[in-house]
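Chemist: Structure of the sequence below:
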Amino acid sequence: MSSNGSAPIGVSKNIKRLGRMDLPGGGSIVVENGYAYVGHMDPPHGTSIIDVKDPKNPKAVAHLEISEGLHSHKVRVNGDIMLINYERYKGKQQLQAGLKVFDISNRAKPREIYFYKTAGKGVHRFTFDGRYAYISPTVEGYNGNIAMMLDMKNPEKPEEVMRWWMPGQWTAGGETATWHGTATRCHHPIRRGDRLYISYWHGGFAIVDISNLSKPKTISTLDWSPPYPCPTHTTLPMLNKIMERDWLIVTDEEVGEKLNETHNAFLWVVDITKEDLPLPVATFIVPFDGQSTNEFRFGAHQPAEQVYGNTLYVTWFGGGLRAVDFSNPYMPKEVGYYIPNPGKGQKVVMSNDVFHDKDGRLYLMDRYDGLEILEPQI
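Modeler: Okay, the predicted model is just below:
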């Protein structure tokens, strides 16, 4: 990074831009069958559906609006079903939160078919495989978000089939937290086989056996904050063994609620070959000599959760998108990057979320403005 403390913009290495469109800032993006689905950060913007079949000319085909006091900044799609979160926003407490289910067989006219309502703040990030939704709701009787599975076999009547929480969260059951407020809470679960990998903010992460949904079994937990300053955001298992071992890539998030100012957020490489003893063996960080602020964050956030090989694409807020090769997990290596120009009316970049489709294209969403469609040259 530059000596005057600013990050370069409009630069790239081994990643080419195919197309771009101005779009209100997004919290997540998912792409399926030629359409991109974006969950927006701020009301009245809720969810956009964009035709990206021609990556040089993306076109919006539908837009859902939401009320002030909510945001539906996360979205997942499988076939003709779209799920979006409803989360209370900026201290607003009077609005109903939860998870909404839409029929999108007509992409231009999404039709709400169910609202899974939750207590409290609502649902944050989640994943969806077509049969089950793995969500992070706030639930009456619990302190902070917990992990939950919904069976979506009948999308007009989702059914809870599993819940898991960190000991100390179930206040209605007599448990007492050992942390301040909701510092320990579920961010989002990711499933591989009969395991859930659950990021838990300042509670670290958990590996949970879900082979018996009625009795989820904790295999291990690991928490490094403190002493490290930033909360655990995403726990992404690699698809195949590397060097005959199993690996979990974990990103912390660069946020305002850091525990100290020692470092900006980075990612960890964790050996999970022995699941009951997860072992961090390496880290990856983008050096930066400037100041990370709420407006201009510089640090790790979210990898593309679609894993095809040993290279992952990770959003780094003001650092844009970073391509990191984990072929040698003990020495992760940056092999490319893409730092956009600021979006319409913006002074800074905030690369927030990225999706990696089966054709190899990348869809990069800025937290303030702009969708970039990219092609790796790696």
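Chemist: check contacts around K153.
Modeler: Applying CB atoms under 8 Å, 6 or more residues apart in numbering, we find K153 in contact with R131. In this view, the C-beta of every residue, glycine as well, is placed from N, C-alpha and C.
Chemist: what pLDDT does it get?
Modeler: Note for K153: predicted pLDDT of 98.
Chemist: what helix or strand does it sit in?
Modeler: Assigned by DSSP states H and E, K153 belongs to no helix or strand.
Chemist: Spatially central residue for this protein, please.
Modeler: Q302 (5.4 Å; CA atoms, centre = their mean).
Chemist: What separation do you get for that one and Y132?
Modeler: 21 Å (CB to CB, to the nearest Å).
Chemist: got it, and P44?
Modeler: Remark: distance between P44 and Y132 (CB to CB) = 31 Å.
Chemist: When these two are compared, which one has more neighbours?
Modeler: Y132 (19 against 13; other CB atoms under 10 Å).
Chemist: Contact partners for the closest residue in space to the more buried one that isn't next to it in sequence?
Modeler: Excluding its sequence neighbours, the residue lying closest to Y132 (CB to CB, 6 or more residues apart in numbering) is M149, at 5.3 Å. Residues in contact with M149 (CB under 8 Å, 6+ apart) are Y132, A133, Y134, I135, E160, V161, M162, R163, P189, I210, L213.
Chemist: elements contacting the helix or strand where Y116 lies?
Modeler: If you go by DSSP H and E, Y116 is part of strand 111-118. Applying 3 or more CB pairs under 8 Å, 6 or more residues apart in numbering; DSSP states H and E, we find strand 111-118 packed against strand 97-103.
Chemist: And the pLDDT for V255?
Modeler: 93.
Chemist: Give me the neighbour count for it.
Modeler: Around V255 there are 18 residues (other CB under 10 Å).
Chemist: three-state assignment of it?
Modeler: Under DSSP: H, G, I helix; E, B strand; the rest coil, the three-state class of V255 is coil.
Chemist: Quick check: it touching P231?
Modeler: Yes - in this structure, V255 is within contact of P231 by CB atoms under 8 Å, at 6.4 Å.
Chemist: what's the overlap in contacts for the two?
Modeler: Counting by CB under 8 Å, 6+ apart, nothing touches both V255 and P231.
Chemist: D22: which element?
Modeler: Using DSSP H and E, D22 falls in strand 15-24.
Chemist: What mean pLDDT does that strand get?
Modeler: Mean predicted lDDT for strand 15-24 stands at 97.
Chemist: And the contacts of that strand?
Modeler: Against strand 15-24 from outside (CB under 8 Å, 6+ apart): 38, 40-42, 45, 48, 50, 52, 54-58, 60, 321, 323, 336-338, 340, 343-344, 361-362, 365, 369-378.
Chemist: can you check stretch 233-240 too?
Modeler: Applying CB under 8 Å, 6+ apart, the contact partners of stretch 233-240 are 187-188, 190, 192, 195, 197-199, 201, 205, 246-253, 265, 272, 300-303, 305, 307-310, 312, 326.
Chemist: quick one: the residue lying closest to E257 once chain neighbours are set aside and K258, what's the gap?
Modeler: Computed as CB to CB, 6+ apart, the closest residue to E257 that is not its neighbour in sequence is P231, at 7.1 Å. According to CB to CB, P231 stands 8 Å off from K258.
Chemist: Neighbour count: these two, which is higher?
Modeler: P231 (25 against 21).
Chemist: residues in contact with the more buried one?
Modeler: A183, H187, W201, H202, S225, D252, E253, V255, E257.
Chemist: and what of T176?
Modeler: G168.
Chemist: In terms of helices and strands, where is it?
Modeler: Counting by DSSP H and E, T176 is found in no helix or strand.
Chemist: For it, give me the pLDDT.
Modeler: You'll see T176 listed with a pLDDT of 96.
Chemist: Mind checking which of the contacts of M149 are in strands?
Modeler: Y132, A133, Y134, I135, E160, V161, M162, R163, P189 (DSSP state E).
Chemist: And the third one, how far from C230?
Modeler: When distance is defined by CB to CB, Y134 is 23 Å away from C230.
Chemist: ditto for the last one
Modeler: As for P189, its distance to C230 is 20 Å (criterion: CB to CB).
Chemist: same thing with the fifth one?
Modeler: Between E160 and C230 the computed distance is 31 Å (CB to CB).
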